[in-house]
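J.: got a structure for you, letters missing:
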Ligand SMILES: Nc1ncnc2c1ncn2[C@@H]1O[C@H](COP(=O)(O)OP(=O)(O)OP(=O)(O)O)[C@@H](O)[C@H]1O
């Protein structure tokens, strides 16, 4: 690995300096007197556990949130940043974790929306071509966003920032949706920007990436700065220790329980996606037994979302038999009917599908656990019981929040994920289906969630995990299959496959894939 430190462009003054910046919410101090300084050309990581205050700090710098106290200095001058438009006019750009593009518009139309005034689209297309050429971010300005891969969409977001010639670029978990190749490409672009003098504030839970990319790092814990480091001189383990204050627990993965009864069977599941830009599922076959964890790997957009909605019942399918849950043909059943059979699920989209943002954690617990945890008696809701269950989730899954009354939307992303996983795990289901279980979750909490899944398996639960993180799948699963273009590969025991093989399969090329495709095309005809 190359040491990023020597390429750092040194300069006399700081580009951005924060002095004693605090943000106090009614129930929590999100940022507590934070000092942070970034030089021109510096790639500066902000590290911290879920809820440490990273996103709040970035939102203050980008003018989304106003600080309760403290001072911001931009190129040596005290400033008050009251809006993102003002931040952009100073030269601050931000790429958010969740994309903010309009799918039905073209690339150039999306970019135009972020520009001041009414730019001429032909001139703007030429500028997009120039920027994409200069930074190696190929994109056709005339393409519609719905037809772009997630990596391409992120290119649009970055190009949109670059056109404004930022002198500070903030990136909030930019790689969570990218393939390893797209991550390498992104890092090349960021290094080039750094050499040209652009400062970068970079947030990520992926410590190996921080080590490869960033010159310096500030560590936050509980809203306070607790340390600084030069990532290239650290290891992912030592940075994790700086973040969580102790060594990272290792996952203990014993032998799978002797295989029990089949709890989930896909028997030729085919389903046309209701989304015109989605992926149709084609003749999927799979079995998940009690006491095993089966993983499904794949680049997002290959049918995972359609599979998840077909399994959860959100999008019931036309026939009963292709989805069998605990021996019952369940294809036409609703989510609630499937839960009654002993299934729980954790969707990928935590705000919206996994939880209702405006409801409290207790109310969100009621939504899925009312029956299994017996919150209703003789037609009356036993609210105290529901609240105690929510408190139990908070305590056992170490969810940082103000309590069971906190609205789901007030939790940091990773803490809400921990709550949703806890809510489903503590219902002790016979079958658990989860998508991206550790997305946006810090390293300590990710290890805890993975261990919880393994422990459930050891208690006899059948678990299906859909994840884009191959390392995660290899850590927790007993067998791994791959989804590509809506088709499913055979599921191999982890000992009989490798990250490289699964990587190749992710492009749809597994032994027998062609025969599988021909057979299902014949059946379609
Ligand atoms: N609008 C809000 N109202 C109340 N509390 C909030 C609000 N926004 C953030 N918080 C709280 O502030 C704290 C810091 O949250 P923040 O999102 O900055 O953390 P983070 O370090 O970015 O976490 P993650 O890695 O999970 O994204 C958390 O306790 C969170 O619950």
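T.: Noted; the coordinates are in hand. Just so it is clear, the structure is predicted and the values come from calculations on it, not from any experiment.

J.: Return the residues in contact with the nearest residue to residue 461 once chain neighbours are set aside.
T.: Spatial nearest neighbour of residue 461, chain neighbours left out: residue 432 (5.7 Å); criterion: C-beta to C-beta, 6 or more residues apart in numbering. Where C-beta positions appear, they are placed from N, C-alpha and C, glycine not excepted. If a contact means C-beta atoms under 8 Å, 6 or more residues apart in numbering, then residue 432 has 343-346, 424-425, 453, 456, 461-464 as its contacts.

J.: from the residues you listed, which ones fall inside strands?
T.: Mapping these onto strands (DSSP state E) picks out 343-346, 462-464.

J.: At the contact with the ligand, which residues of the protein appear?
T.: 25, 28, 30, 48, 50-56, 400-401, 410-415, 440 (C-beta under 6 Å from any ligand atom).

J.: Filter the contacts of residue 432 down to the buried ones.
T.: Buried members of these, scored by 16 or more other C-beta atoms under 10 Å, are 343-346, 424-425, 453, 456, 461-464.

J.: Any idea what the residue nearest to residue 461 is bridged to?
T.: residue 344, residue 463 (DSSP bridges).

J.: Any figure for the gap between residue 314 and residue 335?
T.: To residue 335, residue 314 is 6 Å away according to C-beta to C-beta, to the nearest Å.

J.: More neighbours: which of the two?
T.: residue 335 (17 against 14; other C-beta atoms under 10 Å).

J.: May I have the distance across stretch 63-79, first residue to last?
T.: 11 Å (C-alpha to C-alpha, to the nearest Å).

J.: So what's the residue count around residue 373?
T.: Neighbour tally, residue 373, other C-beta under 10 Å: 20.

J.: which one is it nearest to, not counting chain neighbours?
T.: Nearest to residue 373 is residue 389, by C-beta to C-beta, 6+ apart, at 5.2 Å.

J.: For the one you found, which residues are in contact?
T.: Contacts of residue 389 by C-beta under 8 Å, 6+ apart are 365, 369, 373, 375, 426.

J.: Now the buried members of the residues of the chain next to the ligand.
T.: 28, 30, 48, 50-56, 400-401, 410-415, 440.

J.: Go through those residues and flag which are in helices.
T.: Per DSSP state H, helices hold the following members of those: 54-56, 413-415.

J.: can you put the residues you listed in a markdown table and add pLDDT?
T.: Output for those, formatted as a markdown table (pLDDT from 0 to 100):
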| residue | pLDDT |
| --- | --- |
| 54 | 93 |
| 55 | 91 |
| 56 | 94 |
| 413 | 82 |
| 414 | 84 |
| 415 | 90 |
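
J.: Quick one: the strands in the stretch 51-200 of the chain, in order.
T.: Taking DSSP state E, counting those that start in this stretch as the test, the strands found in the stretch 51-200 of the chain are 69-74, 77-79, 92-95, 168-172, 199-203.

J.: elements contacting the second one?
T.: It stands for strand 77-79. strand 69-74 (3 or more C-beta pairs under 8 Å, 6 or more residues apart in numbering; DSSP states H and E).

J.: Show residues contacting the strand it packs on.
T.: Contacts of strand 69-74 (C-beta under 8 Å, 6+ apart): 14-22, 24, 33-34, 60-61, 78-81, 90.

J.: phi, psi of the residue positioned nearest the centre of the chain?
T.: Centroid-nearest residue in the chain: residue 439, 3.6 Å away (criterion: C-alpha atoms, centre = their mean). Dihedral angles of residue 439 (phi, psi; degrees, to the nearest 10) stand at phi -60, psi 120.

J.: List the buried residues of stretch 440-447.
T.: 440-447.

J.: confidence score at the residue located most distally from the centre of the chain?
T.: The outermost residue of the chain, judged against the average C-alpha position, is residue 378 (40.5 Å), by C-alpha atoms, centre = their mean. pLDDT, residue 378: 84.

J.: What distance do you get for it to residue 368?
T.: 21 Å.

J.: And for residue 392?
T.: Taken as C-beta to C-beta, the span from residue 392 to residue 368 is 14 Å.

J.: Those two: which has the busier surroundings?
T.: More crowded of residue 392 and residue 368, by other C-beta under 10 Å: residue 368, with 21 against 16.

J.: Would you mind confirming that the more buried one is in contact with residue 424?
T.: Yes - using C-beta atoms under 8 Å, residue 368 makes contact with residue 424 at a distance of 7.0 Å.

J.: Now the common contact residues for these two.
T.: residue 344.

J.: Which residue ranges make up the domains of the chain?
T.: Using automatic domain parsing, the domains assigned to the chain come out as 5-244, 249-342+429-525, 349-427.

J.: what pLDDT does residue 117 get?
T.: 81.

J.: same deal with the one 10 residues further on?
T.: According to the prediction, residue 127 has pLDDT 95.

J.: Neighbours of it, how many?
T.: Neighbours of residue 127 (other C-beta under 10 Å): 17.

J.: For it, list the residues it contacts.
T.: residue 163.

J.: which sections of this protein are below the confidence cut-off?
T.: Scanning the chain with the threshold set as pLDDT under 70 gives 1-12, 97-98, 150, 176-180, 248-259, 520-521, 523-525.

J.: how much space is there between residue 436 and the ligand?
T.: 14 Å (C-beta to the nearest ligand atom, to the nearest Å).

J.: which residues does that residue contact?
T.: Applying C-beta under 8 Å, 6+ apart to residue 436 gives the contacts 348, 466-469.

J.: about what we covered before: among the contacts of residue 389, which lie within helices?
T.: 365, 369.

J.: among the contacts of residue 389, which two are most distant?
T.: The largest separation in those, counting by C-beta to C-beta, is between 375 and 426 at 13.0 Å.
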